[in-house]
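**Student:** take a look and give me a structure for this.
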Amino acid sequence: YATGSVSDTDSSTPAGGLIGSINNTSISNCYSNGLITASGTWTHGFIGYRNGGSTVTNCFWDKDTSGKTTDDGGTPKTTTEMKTQSTFTGASWDFVSTPIWKIDAAVNNGYPFLVTPPATIYVDASKANDTGDGLSWNTAKQTLQAAISQAVSGDQIWVKAGAYMPGNSRDNYFALKSGVSVYGGFAGTETSVSERVISANETILSGEIGTSAITDNCYIVVRSMSIYSALLDGFTIKGGYMDGSPSGVRQKNGGGIYHESSTVTYNNLKIIQNYAEWNGSGVFVSGSFAGLATFNNCVVADNTGAASLSVFVGASIWNNCTFTNNNSYQITVDAGGYSNTFNNSIVWGGTNNISITAGTTVGLNYCDYQSSGNSGTFTASNCITSDPKFVDATHGDYSLYGNSPCVDAGNDPYNSLLTDILGVGF
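**Tutor:** Model prediction:
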């Protein structure tokens, strides 16, 4: 499509909104809307001159803005018609299936615009640098930060097994983007997300920078701030140490994941060995507007300092998740009127387990939770309070023995995924 103005002082030269002249050429599904100030014999709204061997199919020009009502190919439309999708879908322009085109009053002055096809951006820590274009495993980016910077809404990022750090400063973190899906757990040969084996290809997002001491690590490993429709899937998140006041976040809250005022889905995550001084050593959820944090198939364990999950004036849903072996409360919720729900989940193995602030709505459905170490009021439906029988909690294996009371004790409609965190089907 062409939106620029066209002028020509030579009356013998063809001039048109899209093309001056064509010879033995086929044009389809194009438009123009620019002002045309030429006045020669072959001056028209869309094409100035077309010889007999050329064809023009399903093309349009704006007769109001161009100042031209005649053409040697193409169909004249008013500005209103040019900004109406049915004008184009009626001529078989693809606004739906692929799509190739979109129309939005806030974009391109309301005229149709071309859609950039979603890209898959590849990341491989073994690469020497970020000079590759990131569009294949062979040309992958070295750092996840570079891939996130390159990505736009609709893109996917595939990350090969390995350890990835946000940067060299304690203030650095991985910042998720609206509309971008980030997947870990790849061996580096896959051609579809379904081929990855997360349990065999651990992909770590780590706050471990500087010395081996945890106290100089990044404050936050992953941050979701005022974004929507993002996805993080298939990672181990560890090593965040939130004991300070980094810019743009609530101080001393959220070591592993800091989620604020966002709608993000988090799947197949191990959130372990993080620290926060005040709230949310593993995960901190908050929001100044109605966002939602949705967690599926996640383990939140072995975090220290504050409660492993803290919700403050925010909403979250947890499906098929395990909270265990965290040295403060497993879960604290002060949601300020927002709803927080735990389905098919386990809360076990802490001295203190669940703390609910008065006036907060929290529901546990088909969960196994420890009956001791709880404070506040929550609604438990179809729950049990029995030892879940972890295989080896001492060494961080929180999978279940076959005789666990939790096996097949959940409610299938809560499962949005086809497999658990180990890739085993339900």
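
**Student:** now the end-to-end length of stretch 219-231.
**Tutor:** In stretch 219-231, first residue to last residue: 21 Å (C-alpha to C-alpha, to the nearest Å).

**Student:** check the offset of that stretch from the chain's centre.
**Tutor:** Here stretch 219-231 is found 9 Å from its chain centre; the criterion is C-alpha atoms, centre = their mean, to the nearest Å.

**Student:** same deal with stretch 53-65?
**Tutor:** Taking C-alpha atoms, centre = their mean, one finds the center of stretch 53-65 at 39 Å from the center of the full chain.

**Student:** could you do stretch 396-403 as well?
**Tutor:** With C-alpha atoms, centre = their mean, you get 30 Å for stretch 396-403.

**Student:** what comes up buried for it?
**Tutor:** Using 16 or more other C-beta atoms under 10 Å as the test for burial, stretch 396-403 gives 398-400. (C-beta placed from N, C-alpha, C; glycine too.)

**Student:** start to end distance for that stretch?
**Tutor:** First-to-last residue span, stretch 396-403, C-alpha to C-alpha: 19 Å.

**Student:** please enumerate residues in contact with that stretch?
**Tutor:** 272, 299, 301-302, 322, 324, 388-391, 406-407, 422 (C-beta atoms under 8 Å, 6 or more residues apart in numbering).

**Student:** if you rank those residues by neighbours, which is first?
**Tutor:** Thr322 (26 neighbours; other C-beta atoms under 10 Å).

**Student:** follow-up on the earlier one: and the contacts of stretch 396-403, which of them are in strands?
**Tutor:** Mapping the contacts of stretch 396-403 onto strands (DSSP state E) picks out 272, 299, 301, 322, 324, 390-391.

**Student:** just the strands from the stretch 51-200 of the chain, written as ranges.
**Tutor:** With DSSP state E, counting those that start in this stretch as the criterion, the stretch 51-200 of the chain has strands at 55-57, 60-62, 75-77, 101-102, 113-114, 120-123, 156-160, 162-164, 174-175, 181-186.

**Student:** winner for burial among those strands?
**Tutor:** A comparison of those by mean neighbour count, using mean count of other C-beta atoms under 10 Å, puts strand 60-62 on top with a mean of 28.

**Student:** for that strand, packing partners?
**Tutor:** Packing partners of strand 60-62 (3 or more C-beta pairs under 8 Å, 6 or more residues apart in numbering; DSSP states H and E): strand 31-32, strand 75-77, helix 79-82.

**Student:** run the chain-centre distance for the helix or strand of the chain with the lowest mean pLDDT.
**Tutor:** Every helix and strand of the chain was ranked by mean pLDDT, DSSP states H and E. The lowest is strand 374-375, at a mean of 88. Its chain's average C-alpha position is 34 Å from that of strand 374-375, according to C-alpha atoms, centre = their mean.

**Student:** one step back: and which of the contacts of stretch 396-403 is nearest to Ala161?
**Tutor:** Checking the contacts of stretch 396-403 against Ala161 with C-beta to C-beta, the nearest one is Leu422 at 15.4 Å.

**Student:** tell me the confidence at that closest one?
**Tutor:** Confidence at Leu422, expressed as pLDDT, is 77.

**Student:** residues near the closest residue to His44 other than its chain neighbours, how many?
**Tutor:** Among residues not flanking His44 along the chain, Asp71 sits closest, at 4.1 Å (C-beta to C-beta, 6 or more residues apart in numbering). By other C-beta under 10 Å, the residues close to Asp71 number 25.

**Student:** now Leu135
**Tutor:** Count around Leu135 with other C-beta under 10 Å applied: 14.

**Student:** can you check Trp93 too?
**Tutor:** 21.

**Student:** residues in contact with it?
**Tutor:** 29, 58, 100-101, 112.

**Student:** which residue in these has the weakest pLDDT?
**Tutor:** Looking at the contacts of Trp93 by pLDDT, the weakest one is Ile100, with 88.

**Student:** and the residue lying closest to that one once chain neighbours are set aside, how far from Tyr398?
**Tutor:** Among residues not flanking Ile100 along the chain, Asp94 sits closest, at 4.4 Å (C-beta to C-beta, 6+ apart). Between Asp94 and Tyr398 the distance is 48 Å, computed by C-beta to C-beta, to the nearest Å.
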